[in-house]
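Visitor: I'd like to go over a predicted model; first the sequence, then the structure.
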Amino acid sequence: MVIHSSFKDFILFLYVHISRADENYDPLEMATIKQKIRGLFEENADIEKKLYLAIREYNSFDKSKLSELFSSSFKHFSEDRSVLKNNFYDDLREIIQADGRVDHAEATALEALKEIIELNSQ
(Lines give C-alpha, C1' and ligand atoms only; values in the text may rest on other atoms or scores of the structure.)
Protein backbone atom coordinates (compact mmCIF):
# COMPACT_ATOMS: atom_id res chain seq x y z
CA MET A 1 0.00 0.00 0.00
CA VAL A 2 2.02 2.96 -1.27
CA ILE A 3 -0.14 6.04 -1.78
CA HIS A 4 2.50 8.67 -2.45
CA SER A 5 4.04 9.21 -5.84
CA SER A 6 7.27 10.64 -4.45
CA PHE A 7 9.43 10.22 -1.39
CA LYS A 8 9.09 13.95 -0.67
CA ASP A 9 5.30 13.67 -0.48
CA PHE A 10 5.67 10.68 1.83
CA ILE A 11 8.06 12.64 4.08
CA LEU A 12 5.55 15.48 4.28
CA PHE A 13 2.88 12.93 5.31
CA LEU A 14 5.27 11.70 8.05
CA TYR A 15 5.79 15.29 9.24
CA VAL A 16 2.03 15.73 9.55
CA HIS A 17 1.68 12.37 11.30
CA ILE A 18 4.30 13.16 13.92
CA SER A 19 2.80 16.59 14.56
CA ARG A 20 -0.65 15.08 15.00
CA ALA A 21 0.56 12.27 17.31
CA ASP A 22 -0.49 14.29 20.36
CA GLU A 23 -3.97 14.88 18.89
CA ASN A 24 -3.42 18.50 17.82
CA TYR A 25 -1.66 20.57 15.23
CA ASP A 26 0.50 22.90 17.32
CA PRO A 27 1.28 26.19 15.53
CA LEU A 28 4.98 25.95 16.42
CA GLU A 29 5.14 22.43 15.01
CA MET A 30 3.35 23.60 11.85
CA ALA A 31 5.85 26.44 11.47
CA THR A 32 8.70 23.94 11.78
CA ILE A 33 7.09 21.72 9.15
CA LYS A 34 6.80 24.69 6.79
CA GLN A 35 10.47 25.45 7.31
CA LYS A 36 11.39 21.82 6.61
CA ILE A 37 9.32 21.52 3.45
CA ARG A 38 10.78 24.71 2.01
CA GLY A 39 14.02 22.77 1.76
CA LEU A 40 12.28 19.62 0.60
CA PHE A 41 10.39 20.93 -2.42
CA GLU A 42 11.41 23.19 -5.29
CA GLU A 43 11.49 26.94 -4.72
CA ASN A 44 8.31 27.71 -6.63
CA ALA A 45 6.23 25.10 -4.76
CA ASP A 46 3.14 26.37 -2.96
CA ILE A 47 4.16 25.33 0.57
CA GLU A 48 0.86 26.31 2.19
CA LYS A 49 -1.11 24.30 -0.34
CA LYS A 50 1.17 21.25 -0.04
CA LEU A 51 0.84 21.31 3.75
CA TYR A 52 -2.93 21.82 3.62
CA LEU A 53 -3.34 18.90 1.20
CA ALA A 54 -1.11 16.66 3.34
CA ILE A 55 -3.18 17.51 6.44
CA ARG A 56 -6.41 16.74 4.57
CA GLU A 57 -4.96 13.48 3.32
CA TYR A 58 -3.79 12.53 6.82
CA ASN A 59 -7.11 13.44 8.45
CA SER A 60 -9.04 11.28 5.98
CA PHE A 61 -6.63 8.32 6.11
CA ASP A 62 -7.69 5.19 8.04
CA LYS A 63 -5.33 5.40 11.04
CA SER A 64 -5.55 1.64 11.60
CA LYS A 65 -3.57 1.24 8.36
CA LEU A 66 -0.77 3.70 9.16
CA SER A 67 1.74 1.03 10.18
CA GLU A 68 1.12 -0.88 6.96
CA LEU A 69 1.45 2.33 4.92
CA PHE A 70 4.70 3.30 6.62
CA SER A 71 6.26 -0.14 6.20
CA SER A 72 5.29 -0.54 2.57
CA SER A 73 6.30 3.02 1.70
CA PHE A 74 9.71 2.74 3.34
CA LYS A 75 10.27 -0.57 1.60
CA HIS A 76 9.19 0.93 -1.74
CA PHE A 77 11.26 4.10 -1.46
CA SER A 78 14.31 2.46 0.13
CA GLU A 79 15.20 0.97 -3.25
CA ASP A 80 16.57 4.42 -3.99
CA ARG A 81 19.79 4.59 -1.93
CA SER A 82 19.60 8.41 -1.72
CA VAL A 83 16.44 7.96 0.35
CA LEU A 84 18.39 6.15 3.05
CA LYS A 85 20.77 9.09 3.36
CA ASN A 86 17.93 11.51 4.07
CA ASN A 87 17.97 12.78 7.65
CA PHE A 88 14.21 13.10 8.02
CA TYR A 89 14.31 11.23 11.35
CA ASP A 90 16.12 14.24 12.84
CA ASP A 91 13.49 16.47 11.26
CA LEU A 92 10.73 14.43 12.91
CA ARG A 93 12.39 14.85 16.29
CA GLU A 94 12.78 18.59 15.71
CA ILE A 95 9.09 18.90 14.81
CA ILE A 96 7.86 17.27 18.02
CA GLN A 97 10.25 19.41 20.09
CA ALA A 98 9.19 22.68 18.42
CA ASP A 99 6.53 23.47 21.02
CA GLY A 100 8.95 22.99 23.91
CA ARG A 101 7.57 19.67 25.11
CA VAL A 102 7.48 16.10 23.86
CA ASP A 103 4.21 14.38 24.65
CA HIS A 104 4.27 10.64 25.45
CA ALA A 105 2.22 9.93 22.29
CA GLU A 106 4.73 11.86 20.18
CA ALA A 107 7.67 9.96 21.68
CA THR A 108 5.87 6.66 21.07
CA ALA A 109 5.10 7.60 17.45
CA LEU A 110 8.70 8.65 16.86
CA GLU A 111 10.04 5.40 18.31
CA ALA A 112 7.65 3.35 16.14
CA LEU A 113 8.80 5.21 13.03
CA LYS A 114 12.43 4.71 14.02
CA GLU A 115 11.88 0.95 14.20
CA ILE A 116 10.20 0.89 10.78
CA ILE A 117 12.98 3.02 9.27
CA GLU A 118 15.70 0.78 10.70
CA LEU A 119 13.91 -2.39 9.67
CA ASN A 120 13.56 -1.21 6.07
CA SER A 121 17.04 0.26 5.70
CA GLN A 122 18.87 -3.03 6.22
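Guide: Done, it's in.
Visitor: what does the host helix or strand of Asp91 contact?
Guide: Assigned by DSSP states H and E, Asp91 belongs to helix 88-97. With contact meaning C-beta atoms under 8 Å, 6 or more residues apart in numbering, helix 88-97 is reached by 11, 14-15, 18-19, 21-22, 29, 32-33, 36, 102-103, 106-107, 110, 113-114, 117. C-beta here means a position set from N, CA and C on the backbone, and glycine is covered the same way.
Visitor: Restricted to buried residues, select those residues in ChimeraX.
Guide: Provided next is the ChimeraX selection string for whichever of the contacts of helix 88-97 are buried by 16 or more other C-beta atoms under 10 Å:
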select :11,14,15,18,19,21,22,29,32,33,36,106,110,113,117
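Visitor: now this structure, which segments are flagged as low pLDDT?
Guide: 80-86, 120-122 (pLDDT under 70).
Visitor: so who does the residue nearest in space to the middle of it touch?
Guide: The centroid of the chain falls nearest to Leu14 when counting by C-alpha atoms, centre = their mean (1.4 Å). For Leu14, the contact set (C-beta under 8 Å, 6+ apart) comprises 70, 88, 92, 113.
Visitor: Phi and psi next, for it.
Guide: phi -60, psi -40 (degrees, to the nearest 10).
Visitor: By residue count, tell me the biggest helix in the chain.
Guide: In the chain, with assignment by DSSP state H, the single longest helix is helix 104-120.
Visitor: what's in contact with it?
Guide: Here helix 104-120 has contacts from 14, 17-18, 21-23, 67, 70-71, 74-75, 78, 89, 92-93, 96, using C-beta under 8 Å, 6+ apart.
Visitor: rerun at 6 Å
Guide: 18, 21-22, 70-71, 74-75, 78, 92, 96 (C-beta atoms under 6 Å, 6 or more residues apart in numbering).
Visitor: Just the buried ones out of the residues you listed, please.
Guide: 18, 21-22, 70, 74, 78, 92, 96.
Visitor: How about stretch 89-99, which residues are buried there?
Guide: 91-96, 98-99.
Visitor: ok, those vs Ile55, which is closest?
Guide: For the buried residues of stretch 89-99, the residue nearest Ile55 by C-beta to C-beta is Ile95; the value is 13.5 Å.
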